[in-house]
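# Show me the folded form of this:
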Amino acid sequence: MKKYYFTSESVTEGHPDKLCDTISDAILDECIKQDKNSRVAIETFASGNEITIAGQITSNAKLDIEKLVREKIKEIGFDNSKTDIDYRTCKIHTNITKQSPDIAMGVDVGGAGDQGIMFGYANKDTKEYMPLAISLAHKLAKKLTDARKNKEIPYLRPDGKTQVTVEYEDEKPKRIEIILISTQHLENITQEELKKDIIEKVIKTTIPKELIDENTKIYINPTGRFVIGGPLGDTGLTRKKNNSRYIWRI
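Okay, here's the model as predicted:
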């Protein structure tokens, strides 16, 4: 019998790296919307109450980047510079140029602007053809966001991270060994209240009960406090947490 454990993580839309992904993606989307031949290579950096956007854009699109950035930060739910970032008052810096002619020479003839390595595989763990651990981690992260936005758990803030460890036997998922959820919250919430709500309203409504047993370990905010979050708690950078995008070969 071959037995092993596989762990994957996911982050909510308020994680500082995911915030940067969202902003970069929004700029790309708007460029493609206006000009399908746009070439966009944008990096976003978030720290404290400041956002820096740099990179190259070659496009006929007319952009109001500052407006676009503030809209995305507001959509995520960041509105407090004392605990994360405020879409109304944050500073936005831009440093955008056109694509290098040296790179354009390769792209113009149908080549790629850069090289890269892709890792991943399709499997039958889930109906999405993704490994069970990452599928469940994504679903937990989405449930955290949904519970915050629909006021089911009204004291949650946008930043958060989930992690799931699955036990495999003979290449098949058997049970969950560990569930870890770290979620930003308001100041006056106790650890006991938070843990109860996350288990009842997030974990039990998302994870199939047959995968959890008496030996499954559940950790909720193991440090005991997560009030300071977003770019105030940690710097964010594009592509560090873009873990919802995969290229599968089937």
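# any chance you could map the helices in the protein?
For the chain, applying DSSP state H gives helices covering 16-34, 65-76, 101-108, 132-149, 191-198, 230-233.
# For the third one, give the mean pLDDT please.
To tie it back to what came earlier, the one meant is helix 101-108. Helix 101-108 comes out with an average pLDDT of 63.
# try the shortest one
Averaging pLDDT along helix 230-233 gives 96.
# Which strands or helices does that helix pack on?
Contacts defined by 3 or more CB pairs under 8 Å, 6 or more residues apart in numbering; DSSP states H and E place helix 230-233 against helix 16-34, strand 39-47, strand 156-169. Yep, even glycine has a C-beta here, placed from its N, CA and C like the rest.
# for the shortest one, packing partners?
Strand 39-47 sits against helix 16-34, strand 50-58, helix 230-233, strand 236-237, with contacts defined as 3+ CB pairs under 8 Å, 6+ apart.
# could you dump that strand to PDB, C-alpha only?
Extracted in PDB, the C-alpha atoms of strand 39-47 (Å, rounded to 0.1, in the frame of the first residue of the first chain):
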ATOM      1  CA  ARG A  39       0.500  43.800 -26.000                       C
ATOM      2  CA  VAL A  40       0.500  44.100 -22.200                       C
ATOM      3  CA  ALA A  41       3.200  43.200 -19.700                       C
ATOM      4  CA  ILE A  42       2.200  44.800 -16.400                       C
ATOM      5  CA  GLU A  43       3.500  44.300 -12.900                       C
ATOM      6  CA  THR A  44       1.800  45.600  -9.800                       C
ATOM      7  CA  PHE A  45       3.400  46.200  -6.400                       C
ATOM      8  CA  ALA A  46       1.500  46.900  -3.300                       C
ATOM      9  CA  SER A  47       2.900  48.100   0.000                       C
END
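# Just give me how far stretch 137-148 sits from the chain centre.
Centroid separation for stretch 137-148 versus its chain: 11 Å, with CA atoms, centre = their mean, to the nearest Å.
# again with stretch 225-244
Per CA atoms, centre = their mean, the displacement of stretch 225-244 from the mean C-alpha position of its chain is 8 Å.
# Kindly export that stretch (C-alpha atoms) in CSV.
C-alpha atoms of stretch 225-244 as CSV (Å, rounded to 0.1, in the frame of the first residue of the first chain):
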residue,chain,number,x,y,z
ARG,A,225,-4.8,37.3,15.6
PHE,A,226,-5.1,38.6,12.0
VAL,A,227,-6.3,42.2,12.1
ILE,A,228,-3.6,43.9,10.0
GLY,A,229,-3.7,42.5,6.5
GLY,A,230,-3.6,43.3,2.8
PRO,A,231,-0.6,45.4,1.7
LEU,A,232,-0.3,46.9,5.2
GLY,A,233,0.5,43.5,6.6
ASP,A,234,2.7,42.2,3.8
THR,A,235,3.9,43.5,0.4
GLY,A,236,2.1,42.2,-2.7
LEU,A,237,3.5,41.5,-6.2
THR,A,238,2.0,40.3,-9.4
ARG,A,239,2.3,36.5,-10.2
LYS,A,240,3.4,35.3,-6.8
LYS,A,241,0.0,33.9,-6.0
ASN,A,242,-1.6,33.5,-9.4
ASN,A,243,-2.4,29.9,-8.4
SER,A,244,-5.9,29.8,-10.0
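# Kind regards, and thank you for your time.
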